[in-house]
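# A structural model of the following input is requested.
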Amino acid sequence: MNALHVAINDLRILFKDRGQLMYVFLIPLAFIFGISMAVPPLEMSDEPATLPVVNLDPDGKASKALIDGLNAEGKVKVEMYEQDEAQALLENRQIYNLLTIPAGYGEDTAAGRPVTLQLLNHPNASDTETELLLRVINGVAQVSSLQAQLIAGLSQMGEMQATGSAGSQAFTPERNVAQAQSQFERSKTAPLVVVEKTQPQALREAIKNPSWVQQNIPGYTIIMVFGISVITALSIYNEKKVGSFRRLLAAPISKAALLAGKMLSNYVMALILIAVMFAVSILLLPLVGLERVTLGNDPLAFVLVSLVLALCSTSFGVLIAAITRTEGQIGAISSIGIWLMGFLGGCLLPPFALEFMGLGAISRVVPQYWAITAYQDLMVRGRGLADITTQLLALLAFSAIFFAIGVWRLKFD
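Next comes the predicted model:
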């Protein structure tokens, strides 16, 4: 009850402060429209796209002809790999597409048997680049298929001619042309070589990239929610400055209850901020032609992530108040710490991009990483509460650590 009275008093002060109300309601609007309308245009490069290839038919003339045809197209640059090496590179995000030419490719095409070329693509692969590779491979493969079918058809006619009498003419030039045309038409409806684009099952289930809006809306929401920690720290500092804590501690109230009361008001403010950010994103972004944000298939899980995120932010504010001595220190440490942790946690760049940069292990030591991955698992990948248990526990652990250190180190006078 003592903590609740402290929180109610702080909320009254909060709603009289126009600056803090602006932070909760107006700044989110500016952020949302600013970051969402700054979607970078797609730029096409003149450089040929790299196409990693595994050739399981290395001695076949047809496979070599296919590779030469891909290089001659000018839009792709073939790079050869062994199968195990290429699979490891794909899983480690060092390559994002992989064409596999199957064993017996040349023998099967020569015999007129259908062949499937497999284009494996990582879930993080660029859709634009994958589509370009797919079109080029299909084009070259269809030419190869047509040539193989025409040769097979003409060879068949030659064999039939050889079975006739020496003086007979089983096939006239007109029939030869008609046979070649029929093979050409067949190649359109039933090509000999088919390119199949697939993704490794394990990677496809584990990863789905967020869009520009799906990355920035939760990312900047998390950063701004952690900005509430500055308000928490300043509120505690001001109470110490005017001597309110000394008077309150004279009453029968523990330090933990006193801090909990200071946290509760800012906790409510953080929840309001989260609600405003996502509500505006859902309702207003489609009105200006931008992508509508969805909260996923498990609203309860989304609410729990938001509740724990707000708790972690306000607990972090207590930690800041405990390790700083002046208002200037609060501002400097908070600003640098919040934006640095936001970057390392994947709020400014997607978590998979940080892993590509070699920062994946560092990302996991800040709470922002666990918050952004929880939101994106729900919003982007359609997962539920059972799938984000680890993230929730991590955020709760950070909250407990921040609060424990705050109670331990904070001087109330």
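
# Could you use CA atoms for every contact and neighbour count after this?
Will do.

# what about the closest residue to W370 other than its chain neighbours, which helix or strand?
In this structure, W370 finds its nearest non-sequential neighbour in Q391, 4.9 Å apart by Cα to Cα, 6 or more residues apart in numbering. When elements are assigned from DSSP states H and E, Q391 belongs to helix 389-409.

# Give the rounded mean pLDDT of stretch 353-368.
What stretch 353-368 shows for mean pLDDT is 84.

# and the next element down the chain from the helix or strand of the chain with the lowest mean pLDDT?
When each helix and strand of the chain is scored by mean pLDDT, DSSP states H and E, helix 201-206 comes last, with a mean of 50. Past helix 201-206, heading to the C-terminal end, the next element that is a helix or strand (DSSP H and E) is helix 212-242.

# Buried residues, that following helix. List them.
Across helix 212-242, burial judged by 16 or more other Cα atoms under 10 Å covers 212-237, 239.

# and it, what other elements does it pack with?
Judged by 3 or more Cα pairs under 8 Å, 6 or more residues apart in numbering; DSSP states H and E, helix 212-242 is in contact with helix 18-36, helix 255-284, helix 299-323, helix 327-344, helix 367-379.

# Which among the ones you listed is found nearest to T130?
helix 367-379 (23.4 Å; Cα to Cα).

# Residues in contact with the closest one: which ones?
Surrounding helix 367-379, the residues in contact under the criterion Cα atoms under 8 Å, 6 or more residues apart in numbering are 210, 214-215, 218-219, 222-223, 293-298, 301-302, 305, 309, 312, 341-342, 344-347, 351, 363-364, 383-384, 387-388, 391-392, 394-395, 398.

# just the buried members of those?
210, 214-215, 218-219, 222-223, 293, 295-297, 301-302, 305, 309, 312, 341-342, 344-347, 351, 363-364, 383-384, 388, 391-392, 394-395, 398.

# Please name the residues that touch the residue nearest to S229 when sequence neighbours are not counted.
Nearest non-adjacent residue to S229, counting by Cα to Cα, 6+ apart: G317, 3.8 Å away. G317 makes contact with 228-233, according to Cα under 8 Å, 6+ apart.

# could you redo those as TSV and give each row pLDDT and distance to L285?
Below are the contacts of G317 laid out as TSV (pLDDT from 0 to 100; distance: Cα to Cα, whole Å):
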residue	pLDDT	distance to L285
I228	84	25
S229	84	28
V230	82	29
I231	80	29
T232	79	31
A233	82	33
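
# what's the burial count for Q94?
11 (other Cα atoms under 10 Å).

# ok, back up a step: against S306, how distant is the residue nearest to W370?
12 Å (Cα to Cα, to the nearest Å).

# do the same with G261
19 Å.

# How about S363?
20 Å.

# My guess is A86 contacts L98. True?
Yes: contact status for A86 versus L98: in contact at 7.4 Å, counting by Cα atoms under 8 Å.

# where do the contact lists of the two overlap?
With Cα under 8 Å, 6+ apart, A86 and L98 have common neighbours 52, 54.

# Look at the two and report which has more neighbours.
L98 (29 against 22).

# check contacts around that one.
51-54, 86, 90, 118-121.

# Would you format those as a markdown table with secondary structure included?
As requested, those are arranged in a markdown table below (DSSP: H, G, I helix; E, B strand; the rest coil):
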| residue | secondary structure |
| --- | --- |
| L51 | strand |
| P52 | strand |
| V53 | strand |
| V54 | strand |
| A86 | helix |
| L90 | helix |
| Q118 | strand |
| L119 | strand |
| L120 | strand |
| N121 | strand |
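
# Let me know the closest of the residues you listed to I67.
V53 (8.6 Å).

# in the chain, what spans have low per-residue confidence?
1-46, 73, 142-208, 244-256, 288-289, 412-413 (pLDDT under 70).

# Run through the residues that contact L295.
L295 sits next to 302, 378-379 when contact means Cα under 8 Å, 6+ apart.

# Just name whatever secondary elements the helix or strand hosting A88 is in contact with.
Using DSSP H and E, A88 sits in helix 83-91. On a contact count with 3+ Cα pairs under 8 Å, 6+ apart, helix 83-91 meets strand 49-55, strand 97-101.

# what lines up beside the shortest one in the sheet?
Next to strand 97-101 in the sheet, as set by DSSP bridges, lie strand 49-55 (parallel), strand 115-121 (antiparallel).

# before we move on, back to that, can the contacts of G317 go into TSV with extra columns for distance to G337?
Putting the contacts of G317 into TSV (distance: Cα to Cα, whole Å) gives the following:
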residue	distance to G337
I228	13
S229	11
V230	11
I231	14
T232	15
A233	13
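
# ok, those vs L359, which is closest?
Distances from L359 to the contacts of G317, taken by Cα to Cα, are shortest for S229, at 25.0 Å.

# how close does that closest one get to W408?
18 Å.

# Also M341?
With Cα to Cα as the criterion, M341 and W408 are 23 Å apart.

# Check N297 too.
Relative to W408, and taking Cα to Cα, N297 is found at 40 Å.

# same question, G74
G74 is 66 Å from W408, by Cα to Cα.

# now swap in G346 and tell me
If you go by Cα to Cα, the gap between G346 and W408 works out to 30 Å.

# which one is N124 nearest to, not counting chain neighbours?
N209 (6.1 Å).

# Using the record's assignment, carve the chain into domains.
Annotated domains of the chain cover 2-39+210-409, 49-206 [automatic domain parsing].
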